[in-house]
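> A predicted structure for the sequence below; I have some questions about it.
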Amino acid sequence: MELVRSILEGKTKLTKDEIWNLSGMLQDHYRSSPNVLDMSTDKVIFVGDLHGELQCTRAVQRYIKKYNKHHFVFLGDYADRGPEQIETFNLVMALTLSNPKRVTMLRGNHESDDIAAKYGFYNIVTKTYSFDVFKHYSRVFEVLPIAVYKKATLFACHGGVPEEISSIAEIQGRNRRHPNFPDDVLFQMVWNDPKDNDYAFRPNSRSARARFFGKVSFTKFMENIDAKVMFRAHQVFPEGYRTFFDNKLVSVFSATSSSSVQPKIVRLCNDYTIEPLDLI
Ligand SMILES: [Mn+2]
């Protein structure tokens, strides 16, 4: 845990052995977790896409210290695109390991070998270290849980509602242990986007396997699983968050995306309203 502490205190340049060690601890932490983790509290703050922005991740670290009775859920997309991808991924792992009961790290669509190869993380890790080190991160991708759920309260995952699923048990039955997303249900949970329209599902231009989910499918899913509010990330909004479906779905983005976003995290309040918190 000396390594974890040094990362929290500002260490950013890790050796291959240190990455092996850190990623191994994270794999041990999540290897036997179900796809959907049960949340024991509704005092929770959600963190959206970070995409290699260490400055925003440091701001989240300060909020974790400040809101010390709250649970923090990272909704995925830690690397790719931004300037400090390795450092950001390492810091989120360190935050999770140092607060295992209070911090949860979920898997986004970028926690996948084929996406990391396309958007930068693979290149920067293999250039800075080696292919072996990339595989250490890839094994973390495989074990990260897909969603969190609190009965009668909330559900959260990176993308959103998948087709043809009407219970938490059906999600638990899927296999996430793969460096990519061969499973269509898990794929849709990290890729789908909401659309404020009265339809169920529509094709999504992001991918032939992704969908837009409308109010019909959202409302039905939330009834079926018994949840009142959903949190997700995955989409860039200039204000850092946006609500859909009469404020029952909250989308959050926690990186600046080259200064085009006011990055936010969102806190769930008592009456199912939310409080957005600024990262910069
Ligand atoms: Mn995403």
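Received the coordinates, thanks.

> Is the residue of the stretch 151-280 of the chain found nearest the ion in a helix, a strand, or coil?
Residue nearest to the ion within the stretch 151-280 of the chain: residue 234 (3.9 Å; C-beta to the ion). C-beta here means a position set from N, CA and C on the backbone, and glycine is covered the same way. Counting by DSSP: H, G, I helix; E, B strand; the rest coil, the backbone at residue 234 sits in coil.

> repeat for the one 3 residues further on
Under the three-state scheme (three-state DSSP), the conformation of residue 237 reads as coil.

> next one: phi and psi at it?
Torsion angles at residue 237 (phi, psi; degrees, to the nearest 10) stand at phi -130, psi 130.

> To what extent is it buried, counted in neighbours?
16 (other C-beta atoms under 10 Å).

> Could you report the distance from it to residue 250?
Using C-beta to C-beta, to the nearest Å, we find residue 237 at a distance of 11 Å from residue 250.

> same check, this time on residue 234
12 Å.

> in the protein, which spans are strands?
36-38, 44-47, 71-74, 103-105, 147-150, 154-157, 193-194, 201-204, 207-213, 229-232, 241-244, 249-252, 264-268, 274-278 (DSSP state E).

> Format these as JSON lines; extra columns: mean pLDDT, mean neighbour count and distance to the ion.
Below are the strands of the chain laid out as JSON lines (pLDDT from 0 to 100; neighbours: other C-beta atoms under 10 Å; distance: least, C-beta to the ion, whole Å):
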{"stretch": "strand 36-38", "mean pLDDT": "98", "mean neighbour count": "17", "distance to the ion": "19"}
{"stretch": "strand 44-47", "mean pLDDT": "98", "mean neighbour count": "26", "distance to the ion": "13"}
{"stretch": "strand 71-74", "mean pLDDT": "98", "mean neighbour count": "24", "distance to the ion": "12"}
{"stretch": "strand 103-105", "mean pLDDT": "98", "mean neighbour count": "24", "distance to the ion": "14"}
{"stretch": "strand 147-150", "mean pLDDT": "98", "mean neighbour count": "22", "distance to the ion": "14"}
{"stretch": "strand 154-157", "mean pLDDT": "98", "mean neighbour count": "27", "distance to the ion": "11"}
{"stretch": "strand 193-194", "mean pLDDT": "98", "mean neighbour count": "22", "distance to the ion": "10"}
{"stretch": "strand 201-204", "mean pLDDT": "98", "mean neighbour count": "15", "distance to the ion": "12"}
{"stretch": "strand 207-213", "mean pLDDT": "98", "mean neighbour count": "17", "distance to the ion": "11"}
{"stretch": "strand 229-232", "mean pLDDT": "98", "mean neighbour count": "25", "distance to the ion": "9"}
{"stretch": "strand 241-244", "mean pLDDT": "98", "mean neighbour count": "19", "distance to the ion": "15"}
{"stretch": "strand 249-252", "mean pLDDT": "98", "mean neighbour count": "24", "distance to the ion": "11"}
{"stretch": "strand 264-268", "mean pLDDT": "98", "mean neighbour count": "23", "distance to the ion": "16"}
{"stretch": "strand 274-278", "mean pLDDT": "98", "mean neighbour count": "16", "distance to the ion": "19"}
